[in-house]
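> let me see the structure of the following:
(one chain, ligands or ions: 2)
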Amino acid sequence: MSQVIAADLVLMDVNLATMDPSRAGYGLVEQAALAIKDDKIVWLGAQHELPSLATETPIVPCRGMWLTPGLIDCHTHLVFGGNRADEFEQRLQGVSYQQIAEQGGGIKRTVAATREASEQSLFELAGKYASAMSQQGVTCVEIKSGYGLDLSSEIKMLKVARRLGESLPLQVQTSFLGAHAVPAEYVAQPDSYIDLVCEQMLPQIAQLGLADAVDVFCESIGFSLAQTEKVFNKAQQLGLPVKLHAEQLSNLGGSALAASYNALSVDHIEYLDEAGVRAIAESGTVATLLPGAFYFLRETQKPPIDLLRKYKVPMAIATDFNPGSSPICSLPLMLNMACTLFSLTPLEALQGVTINGAKALGLDAERGSLTVGKQADLALWDISHPNELSYQFGRNTLQQLWQKGKEVNFGGVQ
Ligand code: NIG
Ligand code: FE
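Numbers count the residues shown, from 1 in each chain. Ligands and ions are numbered 1, 2, ... in the order given. Below you'll find the predicted structure:
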């Protein structure tokens, strides 16, 4: 065979869980090789079929370990000031998440701490969390604003998110979540706050290029359907895709509304009913499941997994990392929780943090699977089958990580 491939790096003696939707299941290719050129995958397949390599192409021997796409955490609130460990203690004594929110705690407390914090201190704190994520195999993370709730503080949060993407080996996608809660100064007039979000905040943030998508917290302790629709209309005018925190604590019909705006994803959805599932199935909207928040709030209502399967809705899994409902920045732990708490299969869970996580961010054409032409975001794991990623936790099995074709240097992950 005379074909020669030009590659910067070739991984050899590796097993691939490609997660490529055009292959079945995990898309397994065993005893494989995978070649990278620049930031792309240029070849993959059985090692004995590997074309000739230019001499001196660097080889990474993988000793039979498993390669997956870099993990994608498609829903986080990773930039915030302070923490809410004291509210956790209150909840342990029986005060509910909603009661804490109604008493001025919850999101509003984090808003106060975030407004007070400098951009630099937010950047440093968020950097610690983002690094912890990357040490566990994450190469792409979505970060929401929503703890500023005024123009300058929302801009501050989104700038921090953008800076994280520039300074860490992480692709950062931002979502503007100005409609996360009504800030203290607008408590008596939530509609005026929504007008501010639509008329001032969203247009300026779009103009600055700080948001890749727009999100709303549609809930009894958040915003109504009508208020959500106003924000979605503005986002649509500005050409920004939408997503929604929907049906987390009650069923308001937010998911069906989001579907009518072709939302990228609806997230939480514990209270979603069959009509809602049908609506998101028709719009191709991803169902993002957040088992960390379900666990940490000790919820009992599970998302309608069987209906999501029946209507073939793609399911993503994310950490929802935030200081109130999910102070958990381990995406591998979410794989386990998605299985134990929501009865997903290990395959569905891994799809949730790879190809379906990419879909929830509108990035599935370039990320989320090991496919020739896609970005070389790769995670190498010391496991003997990809189902182990959902099975054990506590030992970090990540051996090596590449983002955009470059090896991530953690200085100490083993
Ligand atoms: O996704 N539901 C709304 N927002 C977050 C919680 C934020 C907080 O409690 O600080 C969530 O669960
Ligand atoms: Fe959230």
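
> per-residue confidence at whichever residue of the stretch 201-350 of the chain sits closest to ligand 1?
Here the stretch 201-350 of the chain gets closest to ligand 1 at one residue, Gly324, 2.3 Å apart by C-beta to the nearest ligand atom. No exception for glycine: its C-beta is placed from N, CA and C like everyone else's. You'll see Gly324 listed with a pLDDT of 96.

> burial of the closest residue in space to it that isn't next to it in sequence, as a residue count?
Nearest non-adjacent residue to Gly324, counting by C-beta to C-beta, 6 or more residues apart in numbering: Arg84, 5.3 Å away. Arg84 has 22 neighbours, counted by other C-beta atoms under 10 Å.

> from here on, call the first residue 88.
Taking 88 as the first residue, the last one we looked at is Arg171.

> so who does Arg171 touch?
For Arg171, the contacting residues are 192-193, 196-197, 410-411, 414, by C-beta atoms under 8 Å, 6 or more residues apart in numbering.

> look up phi and psi at it.
Here is the backbone geometry of Arg171 (degrees, to the nearest 10): phi -130, psi 40.

> got a pLDDT number for the residue in the stretch 138-287 of the chain that ligand 1 sits nearest to?
Residue nearest to ligand 1 within the stretch 138-287 of the chain (C-beta to the nearest ligand atom): Ile194, separated by 4.5 Å. Here, the pLDDT recorded for Ile194 equals 94.

> now for the closest residue to it other than its chain neighbours: which residues touch it?
Leaving aside its chain neighbours, Ile194 sits nearest to Ala268 (4.2 Å; criterion: C-beta to C-beta, 6+ apart). Counting by C-beta under 8 Å, 6+ apart, Ala268 touches 188, 193-195, 198, 233, 236, 304, 308-309.

> least confident of those?
By pLDDT, Ile308 ranks lowest within the contacts of Ala268, coming in at 87.

> what helix or strand does it sit in?
Using DSSP states H and E, Ile308 maps to neither a helix nor a strand.

> near ligand 1, which residues of the chain?
Residues of the chain lying near ligand 1 by C-beta under 6 Å from any ligand atom: 164, 193-194, 197, 304, 332, 335, 380, 407, 409-412.

> please redo it, this time with the cut-off set to 8 Å
162, 164, 167, 171, 184, 188, 193-194, 197, 233-234, 264, 267, 304, 306, 309, 332, 335, 354-355, 377, 380, 384, 407, 409-413 (C-beta under 8 Å from any ligand atom).

> okay, and which of those residues map to strands?
Of these, the ones assigned to strands by DSSP state E are 264, 304, 332, 354-355.

> scan these and report the most crowded one.
Those, ranked by neighbours (other C-beta under 10 Å): first place His332, 30 neighbours.

> list the contacts for the spatially closest residue to that residue that is not a sequence neighbour?
Nearest residue to His332 in three dimensions, chain neighbours excluded: Phe304, at 4.3 Å (C-beta to C-beta, 6+ apart). Applying C-beta under 8 Å, 6+ apart, we find Phe304 in contact with 233, 264, 266-268, 310, 332.

> mind putting those into JSON lines with distance to Leu96?
Listed next are these as JSON lines, based on distance: C-beta to C-beta, whole Å:
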{"residue": "Gly233", "distance to Leu96": "39"}
{"residue": "Leu264", "distance to Leu96": "38"}
{"residue": "Ala266", "distance to Leu96": "44"}
{"residue": "His267", "distance to Leu96": "42"}
{"residue": "Ala268", "distance to Leu96": "46"}
{"residue": "Phe310", "distance to Leu96": "48"}
{"residue": "His332", "distance to Leu96": "40"}
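
> in the sheet, which strands lie alongside the worst-scoring helix or strand of the chain on mean pLDDT, parallel or antiparallel?
In the chain, no helix or strand scores lower on mean pLDDT, DSSP states H and E than strand 91-92, which sits at a mean of 88. Using DSSP bridges, strand 91-92 pairs in its sheet with strand 139-140 (parallel).

> what's the end-to-end length of stretch 335-342?
One end of stretch 335-342 to the other measures 11 Å (C-alpha to C-alpha, to the nearest Å).

> what comes up buried for it?
By neighbour count on 16 or more other C-beta atoms under 10 Å, the buried set for stretch 335-342 is 335-336, 338-342.

> re the thing from before, out of the contacts of Ala268, which sit inside helices?
Among those, the members falling in helices (DSSP state H) are 188, 194-195, 198.

> so which of those residues wins on neighbours?
When neighbours are counted by other C-beta under 10 Å, Ile194 leads those with 26 neighbours.

> and it, how close does it get to Phe383?
Distance of Ile194 to Phe383, computed by C-beta to C-beta, to the nearest Å: 15 Å.

> quick one: distance of the helix or strand containing Arg249 to the chain centre.
Using DSSP H and E, Arg249 sits in helix 238-254. Remark: helix 238-254 is offset 17 Å from the chain centroid, using C-alpha atoms, centre = their mean, to the nearest Å.

> kindly report the same for stretch 420-434.
In terms of C-alpha atoms, centre = their mean, the centre of stretch 420-434 is set 16 Å apart from its chain centre.

> same question for stretch 256-263.
Put simply, stretch 256-263 sits 9 Å off its chain's centre (C-alpha atoms, centre = their mean).

> export stretch 387-395 to PDB, keeping only CA atoms.
Presented in PDB, the C-alpha positions along stretch 387-395 are these (Å, rounded to 0.1, in the frame of the first residue of the first chain):
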ATOM      1  CA  THR A 387     -37.700  12.500  44.100                       C
ATOM      2  CA  GLN A 388     -39.300  13.200  40.800                       C
ATOM      3  CA  LYS A 389     -37.200  11.700  38.100                       C
ATOM      4  CA  PRO A 390     -37.100  12.900  34.500                       C
ATOM      5  CA  PRO A 391     -39.200  10.900  32.100                       C
ATOM      6  CA  ILE A 392     -36.400   8.700  30.700                       C
ATOM      7  CA  ASP A 393     -38.700   6.100  29.100                       C
ATOM      8  CA  LEU A 394     -40.600   8.700  27.200                       C
ATOM      9  CA  LEU A 395     -37.400  10.400  26.100                       C
END
